[in-house]
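# Following is a predicted model, sequence given first.
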Amino acid sequence: MIDIFVLILDFLAFFSIYLILSISLNLEYGYTGIPNFGKVLFFAGGAFTVGALASRIIAPLVGVNLAEIDFVKYNAFLGIKVTNFFAENPHIALLMFIALLALAMMVGAILGYLASYPAIRLREDYLGMVLVVSGELARIVGKNYDPLICGTFGVFVPDPFSWAGRLQSIVRVAVMLAIAYLAFLTVEKLSRSPYGRVLRAIRDNEVAADAYGKNIVKVRMQVLVIGSALAGLAGALYAFYMGTVHPDDYSPLKTFVVWIMVIMGGRGNNTGAAVGALIYLLVNRTISFIKHWLYAPFDVNYLSYLIFGAIIILILIYKPQGLIPEKPSETLDFRKYLKKTKS
Amino acid sequence: MDSASLTLLTFLMTLITILILFTPPDLLLNSLTFSNIISMLTVGLVLTYLTLKVPNFAHGDLASIGFYVSYALYRAYGLNPYFSIPVSFLVSGAVALMIYKAVYRVLQRRRADIVNLMVASIAVDIIIRTILYIYSDAMREYTRTFYRGFIFHDVTFRVGCYSVSFVAIASTIASVSMVLALYYLLMKTKTGIAMRAAIENPDLAETLGIDIDKMYSLSWFIAGGIAGAAGVFIPFRMASYPDTGWNLLLRMFSAAVLGGLDNIFGAIVGGYMVGLIEVLGIYYLSKPPIYLSSAYRPAIPYVILVSVLLFAPKGVLNLVLGRRCGKHD
């Protein structure tokens, strides 16, 4: 019984992380038409920020002098000390949590701003190549530059919810879901605003949007900054949830997973992106769940990549608009409008 | 625009000249092998790029298939990897042909846009790589030998005071004969001229009775075959894993963009430039004044890729090599 409860909590936590990622890609690709093949770069940016700073900024408060210890060796020790400190000081824990989320978003936004430099100049094929290899580079730096996140060993991230006692995991997942819902609402509002119309106009006909006096370069830059800030947020949440940041986790495969969700659910459609994330996670979690009963001479998780690789090709061939196709967006609240006209 | 690419080209050529002049010959030979491999792989990438105007993200995996075929033959029959090159050529070529027919052609006929084609090619890459992972794990389970991180043993012989490994010679022969064969095929034979026509202007070529689909299939088969043959040389130089091909993709992109992305002979030169700069560059960067970890090696082709795209996006080598084949923008 308790096992199922843990499973559901785990599922919801992953869902909130992937939901943020998929709606951020949907904003970039679905609404604006920027093919961001380097999502993992911004995701890793947020996660690496949390990994590098979470223990370090609290270290003076628990009486550890960072100059004296070898952080690479003692980061787990320091992390546990910080977690124990958080158990008694919920205010500081929450303050650090929020501050680091904000910082991770800022790092994501800065990376997005840098990425927008090629993104507004290059054609899709060149842009795809640059962004794919950029994602790979983030992993190489994380793996080999030890002071950042302790290289190949990974870094321990203290738990900012250790004060909640037995409710710890529930509180954590509730906070994550709330943040994901907030991000969803923001992007949904944005896409229904006049700004969202500009985005779709740029996607559908750049020349026409230009002729109507919209600043395409500026808008594409803004979208990449917003999308990358969201990806950084997702990365920070992922780091806090996993309790560790390990550079090999941030391979270009993560980018592809997010693309699966958006293409499967339907581009230009936030509900579709959410449904895509849900389906991906359902299949992925089921496969890692049945792993314990299935005997195979290889890691059963590989099956999930095989299945989704095939699914994505089939969807691209037979249903390129996704499971939930894009609908004309309701920029006005239609029911309110009807009521007003009746009265 | 042109002055920028000229500056970049001069800079790269000076860099290469300096590097070559001051490098010990055995390291040069080592970088030659690497450059041969990159050059052969890049030619295939550009050849497939020309047909559909989409970078094939699965191209590195065709090389992985090549060395896995060769390794499987070595394990099963004790066949020397050099003799299995034709088999690798055929298998990788067949896989490339199959991918083209089953995925890209179908998508293109349904008027999928370029982003969808790129997503599909990443999906193909993931599928091939996953199959290789599963294969290597399953074979390790059954045969109790390593199927990941293997190397091929090579013959070395001594020339003066230097030892020369056979792979440096073999890969050079393979690369040069590939260039000659491609030149002969594309410039002298009727099929090659039809291929170039189909690439340059598909509609016009079709009205003249050229079977476009057949020509594109042939391009994909040749590209995949060259990748598979080049793949056989990789385990002679480094420990090979299922994702080795994927890791080489960065070098291919860098070399292809340097050569102009739509210029086959530019790709050959670009491959040699990127290979030489990478191997010799990291050799000097990891030495005393800088002490850069050699793990940052991929940063060198990355810097080349980004600087070419920012300063000379049409490719540097088009200046020298003249007319681009397959203009499309």
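In hand now; what should we look at?

# Need the three-state assignment for B:S163.
Three-state assignment for B:S163 (DSSP: H, G, I helix; E, B strand; the rest coil): strand.

# which ones are touching the residue nearest to it when sequence neighbours are not counted?
Leaving out its chain neighbours, the residue that sits closest to B:S163 by CB to CB, 6 or more residues apart in numbering or on different chains is B:T156, at 4.8 Å. For every residue, glycine as well, the C-beta is placed using N, CA and C. B:T156 sits next to B:163-166 when contact means CB atoms under 8 Å, 6 or more residues apart in numbering or on different chains.

# And A:A99, by the same measure?
A:A99 neighbours (CB under 8 Å, 6+ apart): none.

# try 10 Å this time
Listed by CB atoms under 10 Å, 6 or more residues apart in numbering or on different chains, the contact partners of A:A99 are A:53, A:57.

# What score does it have for pLDDT?
A:A99 carries a pLDDT score of 92 in this model.

# Residue 165: neighbour count?
Unless you meant another one, I'm taking chain A. Applying other CB atoms under 10 Å in any protein chain shown, we find 9 residues neighbouring A:G165.

# not what I meant, chain B
B:S165: 18 neighbours (other CB under 10 Å).

# Ok, A:I279 next?
Counted with other CB under 10 Å, A:I279 comes out at 17.

# Equivalent analysis for the one 10 residues further on, please.
For A:F289, the neighbour count with other CB under 10 Å is 12.

# Of all the residues in the stretch 101-250 of chain A, which one is nearest chain B?
Evaluated by CB to the nearest CB, the stretch 101-250 of chain A has A:N144 as its residue closest to chain B, separated by 4.1 Å.

# For that residue, list the residues it contacts.
For A:N144, the contact set (CB under 10 Å, 6+ apart) comprises A:151-152, A:247, B:292-296.

# try 8 Å this time
A:151, B:293, B:295-296.

# Which of these sits closest to B:V232?
Nearest to B:V232, judged by CB to CB, of the contacts of A:N144 is B:A295 at 25.9 Å.

# Run through the residues that contact the closest one.
Counting by CB under 8 Å, 6+ apart, B:A295 touches A:140, A:143-144.

# what's around the closest residue to A:S228 other than its chain neighbours, how many residues?
Spatial nearest neighbour of A:S228, excluding adjacent residues (CB to CB, 6+ apart): A:G112 at 2.6 Å. If you count neighbours by other CB under 10 Å, A:G112 ends up with 29.

# Could you list the low-pLDDT ranges of the chain?
Because you didn't say which chain, this covers chain A. Scanning chain A for pLDDT under 70 picks out A:1-2, A:329-334, A:343.

# ah, I was thinking of chain B
Flagging of chain B using pLDDT under 70 yields the residue ranges B:1-2, B:318-329.

# Select the longest helix from it.
helix B:114-143 (DSSP state H).

# Out of the contacts of B:T156, give me the one that has the most neighbours.
Ranking the contacts of B:T156 using other CB under 10 Å puts B:S165 first, with 18 neighbours.

# Thought B:D154 was touching that one, still the case?
Yes. Under the criterion of CB atoms under 8 Å, B:S165 makes contact with B:D154 at 4.9 Å.

# Please enumerate the shared neighbours of these two.
Here B:S165 and B:D154 have B:F236 as joint contacts, going by CB under 8 Å, 6+ apart.

# which ones are touching residue 75?
Defaulting to chain A. A:55, A:150, A:155-156.

# not quite, I wanted chain B
Contact analysis of B:R75 by CB under 8 Å, 6+ apart lists B:143, B:145.

# ok, it to chain A distance?
As judged by CB to the nearest CB, to the nearest Å, B:R75 and chain A stand 16 Å apart.

# Buried residues of the helix or strand hosting that residue, list them for me.
B:R75 belongs to helix B:59-77 when assigned by DSSP states H and E. Residues of helix B:59-77 classed as buried: B:59-74 (neighbour count, 16 or more other CB atoms under 10 Å in any protein chain shown).

# Wait, A:F289 touches A:D10, no?
No. When contacts are counted by CB under 8 Å, A:F289 is not listed as touching A:D10 (10.1 Å).

# Tell me which residues of the longest helix of chain B come out buried.
Residues B:114-134, B:136-137, B:139 are the ones in helix B:114-143 that count as buried (16+ other CB under 10 Å).

# quick check, stretch A:32-49 touching chain B?
Yes. Contact between stretch A:32-49 and chain B, assessed by CB under 8 Å from any CB of the partner chain, occurs at A:35, A:37.

# quick one: that stretch to chain centroid distance?
8 Å (CA atoms, centre = their mean, to the nearest Å).

# Likewise for stretch A:57-68?
30 Å.

# same check, this time on stretch B:104-123
In this view, stretch B:104-123 has its centroid 21 Å away from the chain centroid, taken as CA atoms, centre = their mean.

# what's in contact with it?
Applying CB under 8 Å, 6+ apart, the external contacts of stretch B:104-123 come out as A:29, A:35, A:37, A:124-125, A:128, A:132, A:256, A:259, A:263, A:308-310, A:312-313, A:316-317, A:320, B:52-58, B:103, B:213, B:216.

# Among these, name the ones in strands.
Judged by DSSP state E, strands contain none of those.

# mind listing which of those residues are in helices?
Going by DSSP H, the helices hold A:124-125, A:128, A:132, A:256, A:259, A:263, A:308-310, A:312-313, A:316-317, B:52, B:213, B:216 from the contacts of stretch B:104-123.

# Quick one, which of those residues are buried?
A:124-125, A:128, A:132, A:256, A:259, A:263, A:308-309, A:312-313, A:316-317, B:52, B:216.

# give the contact list for residue 4.
No chain was given, so I picked chain A. A:I4 makes contact with no residue, according to CB under 8 Å, 6+ apart.

# let's do chain B instead
If you count contacts by CB under 8 Å, 6+ apart, then B:A4 has B:311-312 around it.

# Tell me the spacing between it and B:F253.
Taking CB to CB, to the nearest Å as the measure, B:A4 falls 20 Å from B:F253.

# same thing with A:H246?
Applying CB to CB, the value for A:H246 to B:F253 is 27 Å.

# The two: who's more crowded?
B:F253 (29 against 18).

# So that one sits against B:L305, correct?
Yes. Using CB under 8 Å, B:F253 is in contact with B:L305, at 5.9 Å.

# What strand or helix carries the residue nearest to A:S228?
helix A:90-119.

# Out of the contacts of B:A295, which sit inside helices?
A:140, A:143-144.

# Return stretch B:108-126 as PDB; C-alpha atoms alone will do.
What follows is stretch B:108-126, C-alpha atoms only, in PDB (Å, rounded to 0.1, in the frame of the first residue of the first chain):
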ATOM      1  CA  GLN B 108       9.500  13.900 -47.500                       C
ATOM      2  CA  ARG B 109       6.600  12.700 -49.600                       C
ATOM      3  CA  ARG B 110       4.200  13.800 -46.900                       C
ATOM      4  CA  ARG B 111       5.800  17.300 -47.100                       C
ATOM      5  CA  ALA B 112       7.200  17.200 -43.500                       C
ATOM      6  CA  ASP B 113       9.200  20.300 -42.800                       C
ATOM      7  CA  ILE B 114      12.900  20.400 -42.000                       C
ATOM      8  CA  VAL B 115      12.400  20.400 -38.200                       C
ATOM      9  CA  ASN B 116      10.300  17.200 -38.400                       C
ATOM     10  CA  LEU B 117      13.000  15.600 -40.500                       C
ATOM     11  CA  MET B 118      15.600  16.500 -38.000                       C
ATOM     12  CA  VAL B 119      13.500  15.100 -35.100                       C
ATOM     13  CA  ALA B 120      13.100  11.900 -37.100                       C
ATOM     14  CA  SER B 121      16.800  11.600 -37.700                       C
ATOM     15  CA  ILE B 122      17.500  12.000 -34.000                       C
ATOM     16  CA  ALA B 123      14.900   9.300 -33.400                       C
ATOM     17  CA  VAL B 124      16.700   7.000 -35.900                       C
ATOM     18  CA  ASP B 125      19.900   7.800 -34.100                       C
ATOM     19  CA  ILE B 126      18.400   6.800 -30.700                       C
END
